[in-house]
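A.B. asks: got a predicted structure plus its sequence, pasted below:
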Amino acid sequence: MVNAINQELFLRKDYLETEKVETIYFGGGTPSLLSKDEISDILSTIHENFQVKDNSEVTLEANPDDLSHKKLEKMYDCGINRLSIGVQSFDTEVLKSLNRAHNAEEAASCLIKAQKVGFQNISIDLIYGIPGRSNDQWIKDLDQATFYSPQHISAYGLTIEPHTIFGKWSNEGKFPKLDDDQSAQQFEIMLDYLRKAGFEQYEISNFSLPGFHSKHNSSYWQQKKYLGVGPSAHSYNGESRQFNINKNALYIKRINNGTIPATKESLSATDQVNEYLMTTLRTKWGSDITELRKKYDINLIERQSSYISDLRSRGYLQIKKDHLILTDKGKLLADKISADLFV
């Protein structure tokens, strides 16, 4: 797999054209299974085939149970400078209900070990809206999260996807129904709590201390070009998207034959406008009305005058310096609002 990833990097070295690489992200699956030599090998291939900016952000996703002190030292030594750790919760019973392999002690321990090794840019994932979990229990998780002083927190409401273990359990009546009202309450609790703790919500699910926004994820919301390498990886160049196949063996076979195993989807002007609205409305910066006029010849205020006025009067949306920005109340309905604004 590592050889195939290196080969794909070589085959697609012109995808970003003259753009410099600002961020590198090892994500999807379990990249923490890679050895120090394998990570170094991939990073070397990237530097050989792309222009990489100095002090680029290099993130690796990991689960707490993967992160021994020795493993963390090796990651740090080979150039990983940011960790994204799938903590999810600091409550062992909750972790069991989520079918996670780690426990609360491992969740806390890995953060302490990472800091001792030298990592100064650590993000943790949390989940709220878990059935049967009270608001007080959610606050305890937030207490624990901030106690260990990560620089970044990503928090997501629990969702049930069809082809997952939760989807199976839900169909069999073994998993309680999600409570949208409680999920909304816990979202609002989180906003207030993390702001008081010094975190800025710069995207609906993402919070950081000053200077620690995820540069990588921000590039998606700012519609920058990106190259995704490996099975299931997605790429975007501003005009089209590419989706690699998700079968490992077939991916390796085709790459070894010199073929990029991807499906391409060209984006119409309408697609690009709608994607712009969908991504930018999720951020603290919002959607730039002037940019839509200049780039796409779309006067959104004129097109959606009545709907935008209604959103503003109901406290869901504000306009600041020609930007549409969702209020805290509006963030709870972000997907619906962006869809309703689509052209």
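C.D. replies: Sure thing, it's come through.

A.B. asks: ramachandran angles for residue 144?
C.D. replies: Main-chain torsions, residue 144, degrees, to the nearest 10: phi -60, psi -40.

A.B. asks: and for the one 10 residues further on?
C.D. replies: Backbone geometry at residue 154, expressed as degrees, to the nearest 10, gives phi -110, psi 130.

A.B. asks: what's the answer for the one 4 residues further on, then?
C.D. replies: Main-chain dihedrals, residue 158, degrees, to the nearest 10: phi -60, psi 130.

A.B. asks: which residues sit in contact with the nearest residue to it once chain neighbours are set aside?
C.D. replies: Of all residues not flanking residue 158 in the chain, residue 129 sits nearest, at 4.7 Å (CB to CB, 6 or more residues apart in numbering). C-beta coordinates here come from the backbone N, C-alpha and C atoms, glycine included. Residues near residue 129 by CB atoms under 8 Å, 6 or more residues apart in numbering: 157, 158, 178, 179, 182, 183, 186, 187.

A.B. asks: just residue 318 next, same as before
C.D. replies: Going by CB under 8 Å, 6+ apart, residue 318 touches 312, 324, 325, 327.

A.B. asks: look at the nearest residue to the first one once chain neighbours are set aside and report its pLDDT.
C.D. replies: By that I understand residue 312. Once flanking residues are discounted, residue 312 sits nearest to residue 318: 6.6 Å by CB to CB, 6+ apart. We note a pLDDT of 97 for residue 318 in this prediction.

A.B. asks: if you count neighbours, what's buried in the longest helix along the chain?
C.D. replies: If you go by DSSP state H, the chain has its longest helix at helix 180-196. By 16 or more other CB atoms under 10 Å, the buried positions in helix 180-196 come out as 182, 183, 184, 186, 187, 189, 190, 191, 193, 194.

A.B. asks: nearest to residue 56 among those?
C.D. replies: Nearest to residue 56 among those is residue 194, at 27.1 Å by CB to CB.

A.B. asks: residue contacts, the closest one?
C.D. replies: Counted by CB under 8 Å, 6+ apart, residue 194 has contacts 142, 146, 153, 201, 207.

A.B. asks: just the pLDDT for it.
C.D. replies: For residue 194, the predicted pLDDT is 98.

A.B. asks: the one 10 residues further on now?
C.D. replies: On the pLDDT scale, residue 204 is placed at 97.

A.B. asks: ok, now residue 199?
C.D. replies: In this model, residue 199 is scored at 98, pLDDT.

A.B. asks: what strand or helix carries the closest residue to it other than its chain neighbours?
C.D. replies: Leaving aside its sequence neighbours, residue 199 sits nearest to residue 207 (CB to CB, 6+ apart; 4.0 Å). Assessed by DSSP states H and E, residue 207 sits inside strand 206-208.

A.B. asks: mind listing what's buried along the next helix or strand after that strand?
C.D. replies: Per DSSP H and E, strand 206-208 leads on to helix 215-221 as the next helix or strand towards the C-terminus. For helix 215-221, burial by neighbour count (16+ other CB under 10 Å) applies to 215, 216, 217, 218, 219, 221.

A.B. asks: what number of residues lie near the closest residue to residue 269 other than its chain neighbours?
C.D. replies: Closest residue to residue 269 apart from its sequence neighbours, by CB to CB, 6+ apart: residue 296 at 6.0 Å. Neighbour count of residue 296, defined by other CB atoms under 10 Å: 15.

A.B. asks: surely residue 296 and residue 275 touch.
C.D. replies: No. Taking CB atoms under 8 Å as the definition, residue 296 is not a contact partner of residue 275, at 11.1 Å.

A.B. asks: note down every partner strand of the strand holding residue 207 and its orientation.
C.D. replies: strand 152-157 (antiparallel), strand 200-203 (antiparallel) (DSSP bridges).

A.B. asks: now render these as JSON lines, adding mean neighbour count and distance to residue 121.
C.D. replies: JSON lines is the format used below for the strands paired with strand 206-208 (neighbours: other CB atoms under 10 Å; distance: least, CB to CB, whole Å):
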{"stretch": "strand 152-157", "mean neighbour count": "21", "distance to residue 121": "7"}
{"stretch": "strand 200-203", "mean neighbour count": "19", "distance to residue 121": "15"}
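
A.B. asks: can I get those in a markdown table with distance to residue 267?
C.D. replies: Putting the strands paired with strand 206-208 into a markdown table (distance: least, CB to CB, whole Å) gives the following:
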| stretch | distance to residue 267 |
| --- | --- |
| strand 152-157 | 26 |
| strand 200-203 | 22 |
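
A.B. asks: can you tell me which of those strands is nearest to residue 341?
C.D. replies: strand 200-203 (17.7 Å).

A.B. asks: excluding sequence neighbours, find me the nearest residue to the residue most central in space within the chain.
C.D. replies: The residue lying closest to the centre of the chain (CA atoms, centre = their mean) is residue 217, at 5.5 Å. Of all residues beyond its chain neighbours, the one nearest residue 217 is residue 206 (6.6 Å), with distances taken as CB to CB, 6+ apart.
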